[in-house]
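A.B. asks: coords below, sequence missing:
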């Protein structure tokens, strides 16, 4: 009998301030405590009512590495290093898992940020390694488990123009030239679409002027906006979001970010992909997130952390568009008895699969993917069977590392089973 292909793993919880409070029983907390109970960790299940549970990490990231259950303190990385090709497959050129699988429970808006492409990441890492810790890109994908709201990319020019006219106070920050630049770009593109080469430059000038001038000209303009909105009877969704951000981050430049950025809503099962150099912020909801294993974040608002406004404004893509909301593709695993939806980004670093079986139903869920996979049970439980007859029982909150090229079969328990897998996007 060869090496084990299933290894129970326990993840790491991050208690950032934007996470959902313990008293609301966030998914991150419930998954973690269920896993902690199963794995007999020493962490107490009790927590303060307002203690935030933000993220559950599964992977080999040094800031939150997963550990092998029953491995006498062995980390997942140490396991993989013992036989990289067996555990990660022939496509891997490293002993590190190239992705990080997370669950997020979002109570407050995350910072407005972007992630650099590889070329910029290398440059930033070389010049400022204390802030930009790796020379790698950081694309990511979010799959909604509950209703999920996010900001992503710059709004279509028509919407941007409408919002500027609805928030005239912004002209006091950006100046008339930047303001008129966007309105003029709209006038040039009526009936044509946002294809005029001057559109990107106009939006860049507007957003850069806003970010650079906000520290001196922004506070009085923002105060005027908030006074007007609080007195307004028929508030729009945009108005309410601005007021919500103002309560969360008083006086922050990001309070007015929804004027510029798309606000999108995803139902459970829907997804969004965040590519390089794209402004975004997650607003609310609970999600699965999978991302390239990198720490590179360029922030500009809605955060007390370091804001690298100049780098962000110079590096952003200023495309004006409505982001695509994905639904995944049904891949027909399980012999027709279950359902697997596959979420594939346009990068090789990762993909996400979410599989569901009813109670007592089961089947093969892949034919041996040439990638190590991290599996996390998010509903119910059941049995995993692998190559060579290996078998383990799993329940809600359990994490399992599945070595590459494993013939994986699953049978749902009495309540059925729903689990997430992160793996390389191997085609």
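C.D. replies: Sure, I can see it. The model shown is predicted, which means the values in this text are computed figures rather than measured ones.
A.B. asks: lowest-scoring secondary structure element of this structure by mean pLDDT?
C.D. replies: Counting by mean pLDDT, DSSP states H and E, the chain has its least confident helix or strand at helix 27-39, which shows a mean of 82.
A.B. asks: what's the following helix or strand after it?
C.D. replies: As assigned by DSSP states H and E, the chain's next helix or strand after helix 27-39 is strand 52-53.
A.B. asks: show residues contacting that following strand.
C.D. replies: Residues outside strand 52-53 that contact it (Cβ atoms under 8 Å, 6 or more residues apart in numbering): 13, 15-22, 26, 28-29, 32, 47, 105, 107. The way it works is simple: take the backbone N, C-alpha and C, and place the C-beta from them, glycine included.
A.B. asks: please apply the same query to stretch 149-162.
C.D. replies: 112, 142, 163, 182-183, 185-186, 189, 194, 199, 203, 207, 257-266, 272, 274, 278-285, 317-323.
A.B. asks: restricted to buried residues, select those residues in PyMOL.
C.D. replies: Only the buried entries of the contacts of stretch 149-162 go into this PyMOL selection, using 16 or more other Cβ atoms under 10 Å:
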select buried, resi 112+142+163+182+185+186+189+194+199+203+207+257+258+259+260+261+262+263+264+266+272+274+278+279+280+281+282+283+284+285+317+318+320+323
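A.B. asks: pLDDT check: weakest of the contacts of strand 52-53?
C.D. replies: Ranked by pLDDT, the contacts of strand 52-53 bottom out at residue 47 (66).
A.B. asks: the stretch 151-300 of the chain: strands as residue ranges?
C.D. replies: 261-266, 271-274, 280-292, 298-301 (DSSP state E, counting those that start in this stretch).
A.B. asks: I'd like the average pLDDT over the second one.
C.D. replies: The average pLDDT for strand 271-274 rounds to 98.
A.B. asks: which other helices and strands does that strand contact?
C.D. replies: strand 140-144, strand 148-154 (3 or more Cβ pairs under 8 Å, 6 or more residues apart in numbering; DSSP states H and E).
A.B. asks: which among those is found nearest to residue 296?
C.D. replies: strand 140-144 (11.3 Å; Cβ to Cβ).
A.B. asks: return the list of helices and strands in contact with that closest one.
C.D. replies: strand 271-274, strand 280-292, strand 351-357.
A.B. asks: got the helices and strands packed on strand 271-274 as CSV, with distance to residue 327 and mean pLDDT columns?
C.D. replies: Shown next, in CSV, are the helices and strands packed on strand 271-274 (distance: least, Cβ to Cβ, whole Å; pLDDT from 0 to 100):
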stretch, distance to residue 327, mean pLDDT
strand 140-144, 10, 97
strand 148-154, 13, 98
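A.B. asks: reformat the ones you listed as TSV; add distance to residue 312.
C.D. replies: TSV is the format used below for these (distance: least, Cβ to Cβ, whole Å):
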stretch	distance to residue 312
strand 140-144	17
strand 148-154	13
